[in-house]
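Novice: A predicted structure for the sequence below; I have some questions about it.
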Amino acid sequence: MLSDREIKQRLDDFRFECDNLTEPFRPEEQIQPSSIDLRLDATFWLPRKSRTGSIDLRRSVLLELSPRRYWKQRTLSEGEAITLQPGKLVLGRVYEKFTMPRDCAGNLEPRSSFARMGLGVQIGGNFVNPGWRGHMPLQLVNYGNTSVRIFPYIPICQLLIQQLSSEAERPYGERELQSKYMDDDGGPSYWWRDKRIRRLQEKQNFTRLPSTVQELILSVIGAEEPDIVEDFDKFVSNQRVGSLESASATLELFSERQENLRKSAQRLRGMVLALFPILAGGSIGALFLPPFGWPHYMIWGVTVLSFVPFWLKLASTKRQYFDKSRYQNWEASRSQSNPQLEAPEKRFQE
């Protein structure tokens with residue numbers, strides 16, 4: 001590994017960049033005996049709640065066009081902090097953007113000061129390839145029993161640099177390598193871009209949509225509506241290979257399914273809102289029918305434990321559904337703007 005003397009001699013090769021002029025790279029502070037201290041950036045990615053509760057690595061419908069729908073990006077302002085609750089995960093990144101020279105490789109290691117307080121700074125894939133450039137990603141996990149407030153520019157990890165025996169013949173970022181994280185912003189994973197994973201998915205023979213069709217559909221659905229995008233992902237994944245004939249047919253069928261879900265939710269909500277006053281009235285009436293016995297307690301228990309939480313949940317849920325009128329408006333404008341458009345019944349293939 002390079003010593004501090006060698007790091008200083010080659011510092012320009014790493015091309016350190018810092019966006020905040022008040023927090024420049026400070027070699028005299030950050031260069032250690034055989035490493036470089038790197039700091040935490042102000043940009044974080046907070047996990048969104050997923051109704052499915054899982055990520056299926058066998059399927060990646062729409063992920064390329066809406067790659068980070070499971071995450072919400074947040075950039076802290078000056079003086080702000082982020083609270084990490086026990087057992088929770090937040091994605092962060094290294095503040096300094098840098099380049100790894102073609103004749104070097106690196107390892108990013110957490111600093112023990114934070115591990116000793118229960119803050120896990122996980123650096124998945126901590127190896128830095130020759131030629132790579134960007135912000136290294138960080139996974140912050142609170143393993144302690146109390147919450148931890150963290151803020152930007154704290155020295156969160158250290159970069160160790162290894163001298164290669166020769167310059168890499170194919171450094172990271174070469175086209176044939178199909179490198180996923182060149183000029184990395186340090187955000188969530190692009191796991192589905194791995195050519196080996198794509199090959200394995202093709203062996204599974206899952207339903208896939210061509211990228212042009214995905215673009216059309218996502219322009220109608222909207223990437224900022226995670227409920228609908230997630231529903232659409234699940235809808236396509238459950239279709240048989242070759243069963244979807246076109247973007248129009250796919251959207252029409254999806255809009256019908258969404259309309260059915262919306263009506264079912266409305267019926268369930270109406271039923272609950274109608275039944276709760278009945279049970280509540282019965283519970284109040286039971287107060288005037290002493291002596292109290294197990295039937296009284298059973299009625300009160302059912303009312304309180306079953307219907308109140310469920311009713312509150314239904315009353316507060318802001319569930320999004322794809323409105324069929326949006327599909328119809330899109331289809332109409334699409335036909336007007338391109339009257340020569342091929343019939344929507346025409347099948348598409350990858």
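Specialist: Great, that's in hand. Numbering: from 1, shown residues only.
Novice: What is the burial count for the nearest residue to Asp231 once chain neighbours are set aside?
Specialist: Spatial nearest neighbour of Asp231, excluding adjacent residues (C-beta to C-beta, 6 or more residues apart in numbering): Gln258 at 6.7 Å. No exception for glycine: its C-beta is placed from N, CA and C like everyone else's. The burial count assigned to Gln258 is 20, neighbours taken as other C-beta atoms under 10 Å.
Novice: which stretch of helix or strand covers Gln258?
Specialist: Using DSSP states H and E, Gln258 maps to helix 247-286.
Novice: Let's test this: mean pLDDT of whichever helix or strand comes after that helix, rounded?
Specialist: Remark: after helix 247-286, the chain's next helix or strand is helix 294-302, criterion DSSP H and E. Taken as a whole, helix 294-302 carries a mean pLDDT of 72.
Novice: Give the other helices and strands that helix 294-302 contacts.
Specialist: helix 247-286 (3 or more C-beta pairs under 8 Å, 6 or more residues apart in numbering; DSSP states H and E).
Novice: Now do the contacts for the residue lying closest to Glu23 once chain neighbours are set aside.
Specialist: In this structure, Glu23 finds its nearest non-sequential neighbour in Tyr153, 5.3 Å apart by C-beta to C-beta, 6+ apart. Tyr153 sits next to Asn20, Glu23, Arg39, Leu40, Ala42, Tyr95 when contact means C-beta atoms under 8 Å, 6 or more residues apart in numbering.
Novice: where along the stretch 1-150 of the chain do the helices fall?
Specialist: 4-9, 27-30, 112-115 (DSSP state H, counting those that start in this stretch).
Novice: If you count neighbours, what's buried in the first one?
Specialist: Meaning helix 4-9. Ile7 (16 or more other C-beta atoms under 10 Å).
Novice: neighbouring contacts of it?
Specialist: Contacts of helix 4-9 (C-beta under 8 Å, 6+ apart): Pro27, Ile31, Gln32, Pro33, Ser34, Ile36, Ile161, Gln163.
Novice: Tell me who's in contact with the third one.
Specialist: If a contact means C-beta under 8 Å, 6+ apart, then Gln32 has Asp4, Gln158 as its contacts.
Novice: which stretches of the stretch 101-250 of the chain have low pLDDT?
Specialist: Applying pLDDT under 70 to the stretch 101-250 of the chain flags residues 124, 204-215, 222-226, 239-247.
Novice: Go again with 80.
Specialist: The stretch 101-250 of the chain contains residues with pLDDT under 80 at 122-125, 192, 195, 198-250.
Novice: doesn't Phe127 make contact with Glu172?
Specialist: In this structure residue 172 is Tyr, not Glu. No. Contact criterion C-beta atoms under 8 Å: Tyr172 and Phe127 do not qualify, at 10.4 Å.
Novice: Now do the buried residues in stretch 171-180.
Specialist: Pro171, Tyr172, Ser179.
Novice: ok, for the first one, nearest residue in space, not its chain neighbours?
Specialist: What that stands for is Pro171. Nearest in space to Pro171, with sequence neighbours left out and distances taken as C-beta to C-beta, 6+ apart, is Gly131 at 2.7 Å.
Novice: How many residues are close by that neighbour?
Specialist: The tally of other residues near Gly131 (other C-beta under 10 Å) stands at 22.
Novice: and what of Gln139?
Specialist: Neighbours of Gln139 under the rule other C-beta under 10 Å: 13.
Novice: And it, how far from Ile123?
Specialist: Computed as C-beta to C-beta, to the nearest Å, the Gln139 to Ile123 distance reads 7 Å.
Novice: returning to that earlier point: neighbour-wise, which one of the contacts of Tyr153 leads?
Specialist: Tyr95 (25 neighbours).
Novice: distance of that one from Arg267?
Specialist: The gap separating Tyr95 from Arg267 is 52 Å, by C-beta to C-beta.
Novice: Weed out the non-buried ones from the contacts of helix 4-9.
Specialist: For the contacts of helix 4-9, buried by 16+ other C-beta under 10 Å: Ile31, Ile36, Ile161.
Novice: Out of those residues, which comes closest to Leu289?
Specialist: Ile36 (77.2 Å; C-beta to C-beta).
Novice: Specify the beta-bridge partners of the closest one.
Specialist: Ile31, Leu159 (DSSP bridges).
Novice: The helix holding Gln258 relative to helix 294-302, how many degrees between them?
Specialist: 140 degrees (axes from the mean of the first three to the mean of the last three C-alpha atoms, to 10 degrees).
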